[in-house]
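Engineer: A predicted structure for the sequence below; I have some questions about it.
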Protein chains: 2
Amino acid sequence: MESAERINRLLNYKTFLYQLRSLGFIKVFSDNIADALGISASLVRKDFGVFGIVGSQKGGYEIEKILEKIQEILGKDTVQKIIIVGVGRIGTALLEYKKGFDKEGIKIVAGFDIDPATIDPEAEIPVYSTSLLYDYIQDNHIQFAIVSVPESAAQQTLETLKAAHIYGILNFTTLRLKNTEETIISNINIEHELSRLIYFVKNR
Amino acid sequence: MESAERINRLLNYKTFLYQLRSLGFIKVFSDNIADALGISASLVRKDFGVFGIVGSQKGGYEIEKILEKIQEILGKDTVQKIIIVGVGRIGTALLEYKKGFDKEGIKIVAGFDIDPATIDPEAEIPVYSTSLLYDYIQDNHIQFAIVSVPESAAQQTLETLKAAHIYGILNFTTLRLKNTEETIISNINIEHELSRLIYFVKNR
DNA sequence: ATTTTTATGATATTTTTTTCACATATTATC
DNA sequence: GATAATATGTGAAAAAAATATCATAAAAAT
């Protein structure tokens, strides 16, 4: 399995190459990508080598071919069903990302909330009571969840998800739980991001 | 200057030690921290060494002392003023983080939006018209901005911020601009986070 | 007071990641 | 068709990051 950093770069390649393609480009050189992302060309080539992306000597790489390969690596052939637990501000914002997610084979299939005013099982993306969370996961074989509940509900929510043997959690709460044998937890911490940014600006 | 990874760990140490302290702990061993964060104890000690955090042999580290040192390293003695450009779902969610940010010396001083319905200069955190953005930055010596505008406004917004010589940008749009001499841009891409999570679950 | 225990801190080792360098293949030019 | 130009792909080298090892100091036990 590849390192997190390498997968990050792969995603960055993808984003950049989508842009290039939309500008009408057909081919690209490792140098172009390197300049755009601020890394070295040899690292781009090494990544491509690792992922089995081949170009032609002197002719560079075909954008279309790279993108196909990347989608294959990321397993974007199968649609992944995701639920959102906690349909507050952030949860709602994510529900609205729908279109962008769909394009990438990520399908948000339901939301869960305790607030009766938020619950709406008839919506395009239905929002159910959190009390149904565990059973929904079981019945629909859900593998991924985004958690955007308030601090106070975080522990309970994460425990429920683990108990339901969910495979991956994108955690927006500040509570940090460790990965288990079954569940990978990816934490997003805006405050950390800001603090880091401030640190690097100050120590530039 | 330290690596991004090391600063990340420092922030993780901070979060974990806050938790420990709130549980009544006074001292901590490198082993405890290592176990909690899933890294090795020697890495914790190496980090501490680099940052000038010292413990006592056999006695471990004083939590209070570590936390003081971390705050010092992160420059949390001075309050940083931040603005939010784009007060939609995500922008509003961030405005509501206020309390958590304040605690960390991060002060959101204003929002900016083009929607007249959102503009409210009298609110606790005032929301102004985006047309005032450039002048506000100049007049108030703002160094940091969070950008959470829709895709269509991203390019324009980021250009304005760069032109206003802002030092750091936390970018929630999918547009990726490179750092300039003056401005560090930190990109947050939820779709990438999800894709990475899915990749690691699938290739576990 | 002496011995034992144990956690730090520094150094050495190992592992991982990135860069360098160049042979090779492919396209363009003459 | 031969020659020149140039971008890939790869294996070696360098750099960076993480881990292991262990002497030492400090607390606890005897």
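Structural biologist: Everything's here; your move.

Engineer: Show the model's pLDDT score for A:R45.
Structural biologist: Reported pLDDT at A:R45 in the predicted model: 98.

Engineer: mind listing the helices for chain A?
Structural biologist: A:4-22, A:30-37, A:41-51, A:63-73, A:89-96, A:98-103, A:133-140, A:151-163, A:190-202 (DSSP state H).

Engineer: what about dumping the CA coordinates of the fourth one to CSV?
Structural biologist: Think helix A:63-73. Extracted C-alpha coordinates of helix A:63-73, given in CSV (Å, rounded to 0.1, in the frame of the first residue of the first chain):
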residue,chain,number,x,y,z
ILE,A,63,-3.8,13.4,-19.8
GLU,A,64,-6.7,11.2,-20.5
LYS,A,65,-4.7,8.0,-19.9
ILE,A,66,-3.3,9.4,-16.6
LEU,A,67,-6.8,10.3,-15.4
GLU,A,68,-8.2,6.9,-16.3
LYS,A,69,-5.4,5.2,-14.4
ILE,A,70,-5.9,7.4,-11.3
GLN,A,71,-9.6,6.7,-11.2
GLU,A,72,-8.7,3.0,-11.4
ILE,A,73,-6.3,3.2,-8.6
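
Engineer: and it, what's its mean pLDDT?
Structural biologist: Mean predicted confidence for helix A:63-73 is 96.

Engineer: My read is that A:E96 contacts B:P150, right?
Structural biologist: No: counting by CB atoms under 8 Å, A:E96 stays clear of B:P150, with 10.0 Å between them. Every C-beta, even on glycine, is put in place using the N, C-alpha and C of the backbone.

Engineer: If you count surrounding residues, which of these two has more?
Structural biologist: Neighbour count, other CB atoms under 10 Å in any protein chain shown: between A:E96 and B:P150, A:E96 has more, with 15 against 11.

Engineer: mind listing what that one touches?
Structural biologist: B:R89 (CB atoms under 8 Å, 6 or more residues apart in numbering or on different chains).

Engineer: Distance check, it against A:K103.
Structural biologist: Distance check for A:E96 against A:K103: by CB to CB, to the nearest Å, it reads 14 Å.

Engineer: How about A:I198?
Structural biologist: For A:I198, the distance to A:K103 - CB to CB - is 33 Å.

Engineer: Looking at those two, which one has more neighbours?
Structural biologist: A:I198 (25 against 11).

Engineer: Give me the nearest residue to that one, chain neighbours excluded.
Structural biologist: Nearest residue to A:I198 in three dimensions, chain neighbours excluded: B:Q80, at 5.5 Å (CB to CB, 6 or more residues apart in numbering or on different chains).

Engineer: swap in A:K81?
Structural biologist: Spatial nearest neighbour of A:K81, excluding adjacent residues (CB to CB, 6+ apart): A:V109 at 4.7 Å.

Engineer: residues contacting the one you found?
Structural biologist: Neighbour list for A:V109: A:81-83, A:125, A:140, A:142 [criterion: CB under 8 Å, 6+ apart].

Engineer: what residues does chain A put near DNA strand C?
Structural biologist: Proximity of chain A to DNA strand C (CB under 7 Å from any atom of the strand) is limited to residues A:3, A:5-6, A:39-40, A:42-43, A:45-46, A:56-59.

Engineer: Which residue ranges make up the domains of chain A?
Structural biologist: Per automatic domain parsing, the structural domains of chain A span A:4-72, A:80-192.

Engineer: ranking the ones you listed by burial, who's on top?
Structural biologist: domain A:80-192 (a mean of 18; mean count of other CB atoms under 10 Å in any protein chain shown).

Engineer: Report the separation between the two terminal residues of that domain.
Structural biologist: From its first residue to its last, domain A:80-192 covers 28 Å (CA to CA, to the nearest Å).

Engineer: Enumerate every residue touching the residue sitting nearest the centre point of chain A.
Structural biologist: Residue closest to the average C-alpha location in chain A (CA atoms, centre = their mean): A:L170, at 8.0 Å. Taking CB under 8 Å, 6+ apart as the criterion, A:L170 is in contact with A:144-147, A:186, A:188, B:190, B:193-194, B:197.

Engineer: Look up how far A:I108 lies from A:I90.
Structural biologist: When distance is defined by CB to CB, A:I90 is 13 Å away from A:I108.

Engineer: what residues does chain A put near DNA strand D?
Structural biologist: A:29-31, A:41-42, A:45-46, A:48-49, A:53-61.
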